[in-house]
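> Sequence isn't available, so here's the structure alone:
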Ligand code: NAP
C-alpha cells in the first residue's frame, strides 16, 4: 500500500547523510552541479571515521599521498602530508582544510541523527525524520554513512558496572585521557587494538591484552616525509593516482604477476623478505597472486610470517599465542603495526588468552575471568563494528509497500552494484555493501562512486526524471555475481567483518555477502558499461 503524497516539491533535490570522506566529496560535486542539497551529520564536526576514532595510534594504513582527494590539483599542491602514514589528527585537519577551501560548511548540518526515512511512492521522494523530531523531504537520498561506523560492545555481563574509565575505541574521548601509570585493559586485537597496543605499551603503568583470536599483523614502517620526498610526491600525483587506478585495491600495491611455483625458493624468500621490510600493504597485496587464492602457497607464506613473529617475541609461549592457527595470512584484514609484537617483550604488558580463561564478567573494579579477577583503572573496548550494514540497520528505512531495509537485508545484503536496492527508489548507497568502494583504498573507491552518481543525477535532471530504481533482475544478477566472486576467495574461509561476522550482534554469526571481490578496475568497467548502456538495470521515470 502506498503512502499518501506528502507534497509535490520536496524540500531538497538531494540530501546526503554523513560528513566523512565520501559525504564531503559528494556534497562538493552536487554544489558544482547547482543541485539544491544539504548534508546531515550525526557528529558535531566533520570527518566521519577520522572525527570519531581518536584513539592513540589511529593512523592510515594507506600511504597518505594515495589517500587524499585526487580531483583538485590545487588541494594536492597546497596540502603537505608530514608522514608516509598520517595519524588521525592530521587527517582530520586535512578534511577540515578541504572543506574550508571548498567552502562547504554552510551546506552541512551537524548534530543531526537520521532516525527514519520513508519513501513516498506518490511524490517520488523520501521523508526523513531526525532524532530531534525535525522532518524534511528530498527527491534523492544519498547515504555516506560509513562502513565501520556502528561500533559494537562485547556481550559480556556487567559492562555497565565498571567504575573506572571505559570506552569503545570509536568513542575515544575528545579530551585527553591520562594513561601514564594507569592499569589498563584492552579487549580486542583487530587492526584497531593492534594500533592502540603498539602506541600505549610504553606509556601506561600496566597493560593487559585480552585476546580471543590473533590476527596476522605486519610492520607498517612509517616515517616522516622529508622536503625532497615531498617535492617528488607532489610532482608525481598523476602517476600515483594512475597506479592506484590499475591495482585491484586502489593502492600503489598490486599483485606480482608471477605464480608462487614459478619462482625458485631462494628468490621467493628474498622477495618475501623485501615485502616484509617495505612500508605499507605490499606485504599483503603485493605478493604472488596465488598466495591469496590458493591454500598451499598461502600456507607457505603464513609459515614465513609466523617465523617473523617468533623472531620478534621473546617468550615462545606468547609468540605461539600471537600466531593465528585458524586462518591463513591475508584471509582477514591484515592489521599494520608499529612495535606491536615488541610490546609483548615489555614487563608491563600481559597477554590473556580468553580461550584458556574466558572473561566471565566485567566487575566494578575490573575484569573477572574463569581464573581470577583483574583490577583496572581503564578498560578499552577495541571490539570492532557491525560492519557495512550496521549503519543502515540503525535507521528505519522503509521502501515500497512498507518493506524495511532491515528486513530485506536480514539474511545479508542484496543490491545492484552496491549502489541501489530494488524496492527503495531514489536511495543511492554511495559506499554500500557489495560496492567496489568497500574493498578499496577508500577515497579512491568513493571518488569513482561519487563521480558515477553525479553523472547519473545529471542524466536524471537533463531528462526531467524523478525516479530511479534497480530492477529485480539486475539486483538478483549482481548479488549472484558477488557470491561467485567471493566464494572463490580465501576470504570466504575466515570469519571476520569481511564475511559479515560479528559475535556481538544477533544473527551475524553466519556468512553474509558484503564485499565485491572483483577489484576496482573491473568494478569501474562495469559502472561505465551500465552508464553507457543508458543505465541498464535501472528503471528510470
Ligand atoms: P575487528 O577487526 O572486528 O576486531 C575486533 C576485535 O575484538 C577482534 O580481535 C575480536 O576477536 C575482538 N572481540 C570482539 N568481541 C569480543 C569479545 N566478546 N571477547 C573478546 N574479544 C572480542 O575491529 P577493529 O580492530 O576495530 O577493525 C575493524 C576494521 O577497521 C579493520 O579491519 C580496518 O578495516 C579498519 N581499521 C582501519 C585502520 C586503518 O586504516 N589504519 C585502523 C583500524 C581499523 P575475534 O577476532 O575473535 O572476533
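Arrived safely. Keep in mind that this is a model prediction, so the values were computed, not measured.
> any idea how far the ligand is from the closest residue to residue 507 other than its chain neighbours?
In space, and not counting its chain neighbours, residue 507 is closest to residue 410: 7.3 Å by Cβ to Cβ, 6 or more residues apart in numbering. Bear in mind the C-beta positions are built from the backbone N, C-alpha and C, glycine included. Distance of residue 410 to the ligand, computed by Cβ to the nearest ligand atom, to the nearest Å: 21 Å.
> can you count the residues close to the closest residue to the ligand within the stretch 351-500 of the chain?
Closest contact between the stretch 351-500 of the chain and the ligand, by Cβ to the nearest ligand atom, is at residue 384 (2.7 Å). Neighbours of residue 384 under the rule other Cβ atoms under 10 Å: 27.
> so residue 110 sits right up against residue 41, yeah?
Yes. With contacts counted by Cβ atoms under 8 Å, residue 110 reaches residue 41, the gap being 5.2 Å.
> Give the residues shared as contacts by the two.
residue 19 (Cβ atoms under 8 Å, 6 or more residues apart in numbering).
> which one of those two has more residues nearby?
Neighbours per residue, other Cβ under 10 Å: of residue 110 and residue 41, the larger number sits with residue 41, 26 against 14.
> strands paired with the longest strand anywhere in the chain, and their directions?
Taking DSSP state E as the criterion, the chain has its longest strand at strand 135-143. Here strand 135-143 is paired, per DSSP bridges, with strand 12-17 (parallel), strand 125-130 (antiparallel), strand 427-429 (parallel).
> Whichever helix or strand comes after the shortest one and the ligand, are they touching?
Beyond strand 427-429 on the C-terminal side, the first helix or strand identified by DSSP states H and E is helix 442-462. No. Using Cβ under 6 Å from any ligand atom, we find that helix 442-462 stays clear of the ligand, coming within 8.4 Å at best.
> per-residue confidence for residue 489?
Note on residue 489: pLDDT of 88.
> which residues does it contact?
292-293, 517.
> just the buried members of those residues?
292, 517 (16 or more other Cβ atoms under 10 Å).
> now, which of the contacts of residue 489 lie close to the ligand?
Of the residues in the contacts of residue 489, proximity to the ligand by Cβ under 6 Å from any ligand atom holds for none.
> Can I get the contacts of residue 489 in TSV including pLDDT?
Below are the contacts of residue 489 laid out as TSV (pLDDT from 0 to 100):
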residue	pLDDT
292	92
293	91
517	94
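> For my notes, please list the contacts of residue 489 in CSV and give secondary structure for each entry.
Shown next, in CSV, are the contacts of residue 489 (DSSP: H, G, I helix; E, B strand; the rest coil):
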residue, secondary structure
292, helix
293, coil
517, coil
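> Wondering if the helix or strand following the longest strand of the chain reaches the ligand at all.
Downstream of strand 135-143, the next assigned helix or strand under DSSP H and E is strand 165-168. No. If you take Cβ under 6 Å from any ligand atom as the test, strand 165-168 misses the ligand, and the best it gets is 9.0 Å.
> And the next helix or strand past strand 165-168?
Using DSSP H and E, the helix or strand that directly follows strand 165-168 along the chain is strand 183-187.
> Who does that following strand pair with, and is each partner parallel or antiparallel?
Here strand 183-187 is paired, per DSSP bridges, with strand 206-211 (parallel), strand 378-381 (parallel).
> anything in that strand sitting right up against the ligand?
Yes. Using Cβ under 6 Å from any ligand atom, strand 183-187 reaches the ligand at residue 187.
> if we look at that strand, which residues are touching it?
Contacts for strand 183-187 (Cβ under 8 Å, 6+ apart): 154, 193, 196-197, 200, 204-210, 359, 366-367, 374-383.
> are any of the residues you listed buried, and which?
154, 193, 196-197, 200, 204, 206-210, 359, 366-367, 374, 376-383.
> if we can go back for a sec, any idea how far the longest strand of the chain is from the middle of the chain?
24 Å (Cα atoms, centre = their mean, to the nearest Å).
> Same question for that strand: list its buried residues.
For strand 135-143, the neighbour count (16+ other Cβ under 10 Å) marks 136-143 as buried.
> cool, stretch 296-311 as well?
Neighbour-count burial for stretch 296-311 flags 297-298, 300-302, 304-306, 308-309 (criterion: 16+ other Cβ under 10 Å).
> so how many other residues sit close to residue 401?
As a burial measure, residue 401 scores 10 neighbours (other Cβ under 10 Å).
> repeat for residue 160
If we define neighbours as other Cβ under 10 Å, then residue 160 has 8 of them.
> right, and residue 222 touches residue 279 too?
Yes. Contact between residue 222 and residue 279 holds when scored by Cβ under 8 Å: they sit 7.0 Å apart.
> Please name the spatially closest residue to the residue in the chain positioned nearest to the ligand (chain neighbours excluded).
Residue of the chain nearest the ligand, by Cβ to the nearest ligand atom: residue 190 (2.3 Å). The shortest distance from residue 190 to any non-neighbouring residue, by Cβ to Cβ, 6+ apart, is to residue 384 (5.6 Å).
> repeat for residue 470
Closest residue to residue 470 apart from its sequence neighbours, by Cβ to Cβ, 6+ apart: residue 416 at 3.5 Å.
> Quickly list what the one you found is bridged to.
residue 420.
> In contact with it, which residues?
For residue 416, the contact set (Cβ under 8 Å, 6+ apart) comprises 422, 470-471, 474-475, 478, 537-538.
> pLDDT below threshold where in this structure?
1-7 (pLDDT under 70).
> Pull up the residues of it that are close to the ligand.
Residues of the chain lying close to the ligand by Cβ under 6 Å from any ligand atom are 59-61, 148, 154, 156, 187-193, 195, 210, 212-213, 333, 354, 382-385, 497, 503-504.
> What is the burial count for the closest residue to residue 465 other than its chain neighbours?
Once flanking residues are discounted, residue 465 sits nearest to residue 540: 5.1 Å by Cβ to Cβ, 6+ apart. By other Cβ under 10 Å, 15 other residues sit near residue 540.
> Report the contact partners of residue 540.
Listed by Cβ under 8 Å, 6+ apart, the contact set of residue 540 reads 459-460, 463, 465, 467-468.
> check contacts around residue 45.
19, 51, 110.
> how about 10 Å then?
Listed by Cβ atoms under 10 Å, 6 or more residues apart in numbering, the contact partners of residue 45 are 19, 51-52, 92, 95-96, 108, 110-111, 174.
> same question, residue 58
So residue 58 contacts 49-50, 52, 87-89, 91-92, 169, 172, 191-192, 195-196, 199 (Cβ under 10 Å, 6+ apart).
> ok, now residue 9?
123, 125, 137, 139.
> Check which helix or strand it maps to.
Applying DSSP H and E, one finds residue 9 in no helix or strand.
> Strands of the stretch 201-350 of the chain, start to end?
Applying DSSP state E, counting those that start in this stretch to the stretch 201-350 of the chain gives strands spanning 206-211, 218-219, 336-337, 349-353.
> Just put these in a markdown table and tack on distance to residue 322.
Below are the strands of the stretch 201-350 of the chain laid out as a markdown table (distance: least, Cβ to Cβ, whole Å):
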| stretch | distance to residue 322 |
| --- | --- |
| strand 206-211 | 8 |
| strand 218-219 | 13 |
| strand 336-337 | 11 |
| strand 349-353 | 8 |
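> Overlap in contacts, residue 222 and residue 279.
Joint contacts of residue 222 and residue 279 (Cβ under 10 Å, 6+ apart) are 84-85, 336.
> Can you give the distance of stretch 455-465 from its chain's centre?
Distance, centroid of stretch 455-465 to centroid of chain: 30 Å (Cα atoms, centre = their mean).
> Please read the previous query as pertaining to stretch 14-31.
On the basis of Cα atoms, centre = their mean, stretch 14-31 sits 17 Å off its chain's mean C-alpha point.
> quick one on the thing from earlier: list the ones among the contacts of residue 45 that fall in strands.
Reading strands off those with DSSP E, I get residue 108.
> For the contacts of residue 45, work out which two are farthest apart.
108 and 174 (18.7 Å; Cβ to Cβ).
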